[in-house]
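>>> Structure of the sequence below:
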Amino acid sequence: MQEAFVYIWENVTNGNKYIGYHKGSLDDGYVSSTSSERFWNDFKDSSIEWKRHIVFQGTSEECLKHEQQLLREVNLRSDEYYNNARGAEIIFTEEVRNKIRQHHMGKSSGMLGKNHSDETKQKQSEALKGRIFDDEHKQNLRKPNKDASNKKGPKSEQHKINMRKPKEKLECIHCHKMVAPNMLNRWHNDNCKDKI
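Okay, here's the model as predicted:
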(Lines give C-alpha, C1' and ligand atoms only; values in the text may rest on other atoms or scores of the structure.)
Protein backbone atom coordinates (compact mmCIF):
# COMPACT_ATOMS: atom_id res chain seq x y z
CA MET A 1 0.00 0.00 0.00
CA GLN A 2 1.36 3.42 -1.00
CA GLU A 3 0.97 5.83 1.91
CA ALA A 4 4.24 7.74 1.57
CA PHE A 5 7.01 8.52 -0.88
CA VAL A 6 10.69 9.47 -1.02
CA TYR A 7 11.56 12.40 -3.26
CA ILE A 8 14.61 14.29 -4.45
CA TRP A 9 14.27 17.95 -5.29
CA GLU A 10 16.87 18.86 -7.91
CA ASN A 11 17.98 22.40 -8.55
CA VAL A 12 18.43 22.09 -12.32
CA THR A 13 20.41 25.34 -12.46
CA ASN A 14 23.31 24.22 -10.24
CA GLY A 15 22.66 20.49 -9.66
CA ASN A 16 22.11 20.76 -5.87
CA LYS A 17 19.64 18.29 -4.37
CA TYR A 18 17.41 17.76 -1.35
CA ILE A 19 16.40 14.24 -0.29
CA GLY A 20 13.19 13.90 1.69
CA TYR A 21 10.28 11.69 2.62
CA HIS A 22 6.59 12.55 2.98
CA LYS A 23 3.59 10.70 4.33
CA GLY A 24 0.82 11.66 1.94
CA SER A 25 -0.12 11.59 -1.74
CA LEU A 26 2.04 12.69 -4.65
CA ASP A 27 -0.31 15.55 -5.57
CA ASP A 28 -1.11 17.00 -2.12
CA GLY A 29 1.05 20.10 -2.72
CA TYR A 30 3.74 19.15 -0.21
CA VAL A 31 7.17 20.69 -0.92
CA SER A 32 9.45 19.97 2.05
CA SER A 33 9.79 20.36 5.82
CA THR A 34 13.47 21.29 5.72
CA SER A 35 14.75 24.15 7.85
CA SER A 36 17.58 24.82 5.38
CA GLU A 37 17.50 28.53 4.56
CA ARG A 38 19.70 27.86 1.53
CA PHE A 39 17.08 25.48 0.12
CA TRP A 40 14.17 27.88 0.68
CA ASN A 41 16.07 30.90 -0.68
CA ASP A 42 16.87 28.98 -3.86
CA PHE A 43 13.38 27.44 -4.06
CA LYS A 44 11.70 30.86 -3.91
CA ASP A 45 14.05 32.25 -6.59
CA SER A 46 11.94 32.33 -9.78
CA SER A 47 15.04 32.23 -11.99
CA ILE A 48 15.93 28.69 -10.74
CA GLU A 49 14.32 25.66 -12.38
CA TRP A 50 13.39 22.73 -10.11
CA LYS A 51 12.51 19.08 -10.73
CA ARG A 52 11.02 16.68 -8.21
CA HIS A 53 12.01 13.01 -8.67
CA ILE A 54 9.93 10.37 -6.90
CA VAL A 55 12.44 7.62 -6.14
CA PHE A 56 10.40 5.31 -3.89
CA GLN A 57 6.79 4.71 -2.80
CA GLY A 58 5.43 2.47 -0.05
CA THR A 59 4.45 2.43 3.59
CA SER A 60 5.61 5.18 5.88
CA GLU A 61 8.12 2.86 7.57
CA GLU A 62 9.55 1.62 4.24
CA CYS A 63 9.91 5.18 2.93
CA LEU A 64 11.62 6.37 6.09
CA LYS A 65 14.15 3.51 5.82
CA HIS A 66 14.73 4.23 2.14
CA GLU A 67 15.28 7.96 2.82
CA GLN A 68 17.77 7.12 5.59
CA GLN A 69 19.63 4.73 3.27
CA LEU A 70 19.93 7.41 0.57
CA LEU A 71 21.14 9.99 3.11
CA ARG A 72 23.82 7.58 4.39
CA GLU A 73 25.14 7.10 0.85
CA VAL A 74 25.80 10.79 0.15
CA ASN A 75 28.16 13.37 1.63
CA LEU A 76 25.86 15.87 3.34
CA ARG A 77 28.79 18.09 4.32
CA SER A 78 29.28 19.04 0.68
CA ASP A 79 27.38 21.95 -0.86
CA GLU A 80 25.78 19.55 -3.34
CA TYR A 81 22.99 18.70 -0.85
CA TYR A 82 20.64 21.04 0.99
CA ASN A 83 19.99 18.51 3.78
CA ASN A 84 21.18 19.60 7.24
CA ALA A 85 20.19 16.40 9.01
CA ARG A 86 20.11 12.67 8.49
CA GLY A 87 16.90 11.99 10.41
CA ALA A 88 17.69 12.67 14.08
CA GLU A 89 21.41 13.04 13.29
CA ILE A 90 22.25 16.69 12.70
CA ILE A 91 24.94 17.32 10.11
CA PHE A 92 27.05 20.28 11.16
CA THR A 93 27.16 22.05 7.83
CA GLU A 94 28.33 25.67 7.72
CA GLU A 95 24.68 26.78 7.66
CA VAL A 96 23.91 24.82 10.85
CA ARG A 97 27.03 26.16 12.57
CA ASN A 98 26.02 29.73 11.69
CA LYS A 99 22.52 29.18 13.15
CA ILE A 100 24.06 27.88 16.39
CA ARG A 101 26.43 30.87 16.53
CA GLN A 102 23.55 33.30 15.99
CA HIS A 103 21.51 31.55 18.68
CA HIS A 104 24.28 31.84 21.26
CA MET A 105 25.55 35.33 20.42
CA GLY A 106 25.25 37.60 23.42
CA LYS A 107 23.77 34.93 25.64
CA SER A 108 25.65 34.29 28.84
CA SER A 109 22.79 32.86 30.87
CA GLY A 110 19.43 31.22 30.34
CA MET A 111 18.00 33.87 32.68
CA LEU A 112 19.37 36.80 30.67
CA GLY A 113 16.62 39.39 30.35
CA LYS A 114 14.23 37.37 32.55
CA ASN A 115 13.17 37.72 36.17
CA HIS A 116 12.11 35.13 38.71
CA SER A 117 8.49 35.36 39.83
CA ASP A 118 7.74 36.50 43.37
CA GLU A 119 6.64 32.94 44.16
CA THR A 120 10.02 31.56 43.03
CA LYS A 121 11.89 34.19 45.01
CA GLN A 122 9.87 33.27 48.11
CA LYS A 123 10.69 29.56 47.64
CA GLN A 124 14.39 30.35 47.27
CA SER A 125 14.27 32.47 50.40
CA GLU A 126 12.56 29.70 52.39
CA ALA A 127 15.11 27.14 51.17
CA LEU A 128 18.00 29.30 52.42
CA LYS A 129 16.51 30.04 55.84
CA GLY A 130 18.23 28.22 58.67
CA ARG A 131 21.54 27.87 56.87
CA ILE A 132 24.58 28.80 58.89
CA PHE A 133 27.30 30.81 57.19
CA ASP A 134 30.59 31.66 58.85
CA ASP A 135 31.94 35.24 58.68
CA GLU A 136 34.35 34.48 55.83
CA HIS A 137 31.55 33.04 53.71
CA LYS A 138 29.36 36.09 54.40
CA GLN A 139 32.20 38.38 53.32
CA ASN A 140 32.64 36.41 50.08
CA LEU A 141 28.93 36.69 49.35
CA ARG A 142 29.19 40.47 49.52
CA LYS A 143 32.21 40.66 47.20
CA PRO A 144 31.56 41.09 43.48
CA ASN A 145 33.07 38.07 41.80
CA LYS A 146 33.81 39.50 38.36
CA ASP A 147 37.53 38.90 38.54
CA ALA A 148 38.42 35.50 37.09
CA SER A 149 41.32 35.18 39.53
CA ASN A 150 38.79 34.89 42.40
CA LYS A 151 37.17 31.83 40.88
CA LYS A 152 40.06 29.37 40.87
CA GLY A 153 42.48 30.82 43.37
CA PRO A 154 44.02 28.83 46.22
CA LYS A 155 41.77 28.09 49.18
CA SER A 156 42.36 30.06 52.37
CA GLU A 157 43.42 28.22 55.51
CA GLN A 158 40.07 28.99 57.15
CA HIS A 159 38.26 27.55 54.14
CA LYS A 160 40.31 24.34 54.35
CA ILE A 161 39.51 24.03 58.07
CA ASN A 162 35.80 24.56 57.38
CA MET A 163 35.86 21.86 54.72
CA ARG A 164 37.31 19.36 57.24
CA LYS A 165 34.67 20.10 59.87
CA PRO A 166 31.91 17.49 60.16
CA LYS A 167 28.82 18.88 58.52
CA GLU A 168 25.79 19.64 60.64
CA LYS A 169 22.85 17.32 59.94
CA LEU A 170 19.20 18.12 60.34
CA GLU A 171 16.26 15.82 61.04
CA CYS A 172 13.43 15.23 58.58
CA ILE A 173 10.04 15.94 60.17
CA HIS A 174 8.48 12.86 58.51
CA CYS A 175 11.03 10.02 58.38
CA HIS A 176 13.28 11.40 61.18
CA LYS A 177 16.46 10.69 59.21
CA MET A 178 19.43 12.96 59.86
CA VAL A 179 20.51 14.50 56.53
CA ALA A 180 22.74 17.29 55.26
CA PRO A 181 21.03 20.71 55.14
CA ASN A 182 21.23 20.87 51.35
CA MET A 183 19.28 17.59 51.06
CA LEU A 184 16.67 18.35 53.71
CA ASN A 185 14.25 20.39 51.60
CA ARG A 186 15.07 18.59 48.37
CA TRP A 187 14.36 15.01 49.45
CA HIS A 188 12.80 15.36 52.91
CA ASN A 189 10.37 17.52 54.90
CA ASP A 190 7.58 18.45 52.43
CA ASN A 191 9.14 16.26 49.69
CA CYS A 192 9.73 13.20 51.90
CA LYS A 193 8.51 9.89 50.47
CA ASP A 194 7.30 8.93 53.97
CA LYS A 195 5.07 11.99 54.20
CA ILE A 196 1.50 10.95 55.01
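
>>> Break this structure into its domains for me.
4-104, 118-144+155-191 (automatic domain parsing).

>>> Any idea how far the last one is from the middle of the chain?
When you say that, I think you mean domain 118-144+155-191. 31 Å (CA atoms, centre = their mean, to the nearest Å).

>>> now it: mean pLDDT?
For domain 118-144+155-191, mean pLDDT rounds to 80.

>>> in the chain, which helix has the most residues?
For the chain, the helix with the greatest residue count under DSSP state H is helix 60-73.

>>> rewinding a little: right, so the domains of the chain: which one is the most enclosed?
With neighbours taken as mean count of other CB atoms under 10 Å, those reach their highest mean count in domain 4-104, at a mean of 15. C-betas here are computed from N, CA, C, even on glycine.

>>> wait, residue 58 sits on residue 23?
No: using CB atoms under 8 Å, residue 58 makes no contact with residue 23, being 10.9 Å away.

>>> Are there residues contacting both of the two? Which ones?
Residues touching both residue 58 and residue 23 (CB atoms under 8 Å, 6 or more residues apart in numbering): 3, 4.

>>> mind listing what the closest residue to residue 15 other than its chain neighbours touches?
With CB to CB, 6 or more residues apart in numbering as the criterion, residue 15 has its nearest non-adjacent residue at 6.9 Å, and that residue is residue 80. The neighbourhood of residue 80, defined by CB under 8 Å, 6+ apart, consists of 15, 16, 17, 74.

>>> repeat that for 10 Å
Counting by CB atoms under 10 Å, 6 or more residues apart in numbering, residue 80 touches 11, 14, 15, 16, 17, 74.
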